[in-house]
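Colleague: have a look at this prediction, sequence included:
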Amino acid sequence: MKRFLSFFVALLLSLFSMSAIAPAHDDGDDGDEINVEKQENNSNDPTSISTCNVRAYLNPPYLTVNILNYTGYADAAVNGINGSIIVQNVFVSGAGTIVLDISTLQPGNYSLTISADALYIGDFVKN
């Protein structure tokens, strides 16, 4: 029973480490920041005031989105002029990081759309 429990815990830890969401962090080497602008409030209450903070970084082959002060589902999508798209949907509890693998995208101009408490949009160039 002890071996089974150890195996089960190791399996859970390995699955957790492969997850696309991780705790938000600031290690000082996030890459080039992508300017994301808040477009609209996704709340059903127009009087609600959001304290959500969304920042995005391009550090090929990854694009990282840090979300702070938010609990709920968040979507991050990369769209290209040629129809390329990468989408990730995660549940954030207070703070989280969405990591998108953009290694398969061709060099060019892309749009990043993040949906959390509001819609955030930014553009970036993949070299």
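Modeller: Now that the structure is in, tell me what you want to look at. Keep in mind the model is a prediction, meaning the values are calculated, not measured. Numbers count the residues shown, from 1 in each chain.

Colleague: next one: phi and psi at Asn35?
Modeller: Main-chain dihedrals, Asn35, degrees, to the nearest 10: phi -70, psi 110.

Colleague: residues in contact with stretch 116-127?
Modeller: 32, 34-43, 50, 52, 54, 56, 58, 60, 63, 67, 70, 72, 74-75, 92, 102, 105-114 (CB atoms under 8 Å, 6 or more residues apart in numbering). The way it works is simple: take the backbone N, C-alpha and C, and place the C-beta from them, glycine included.

Colleague: from those residues, keep the buried residues only.
Modeller: With neighbours counted using 16 or more other CB atoms under 10 Å, the contacts of stretch 116-127 contain these buried positions: 34, 36, 52, 54, 56, 58, 63, 67, 70, 74, 92, 102, 105, 110, 112-114.

Colleague: which of these fall within strands?
Modeller: Cross-referencing those against strands under DSSP state E gives 34, 54, 56, 58, 63, 67, 70, 74, 92, 110, 112-114.

Colleague: isn't Ile98 up against Ala76?
Modeller: Yes. Assessed by CB atoms under 8 Å, Ile98 is found in contact with Ala76 at 4.6 Å.

Colleague: that'll do, ta.
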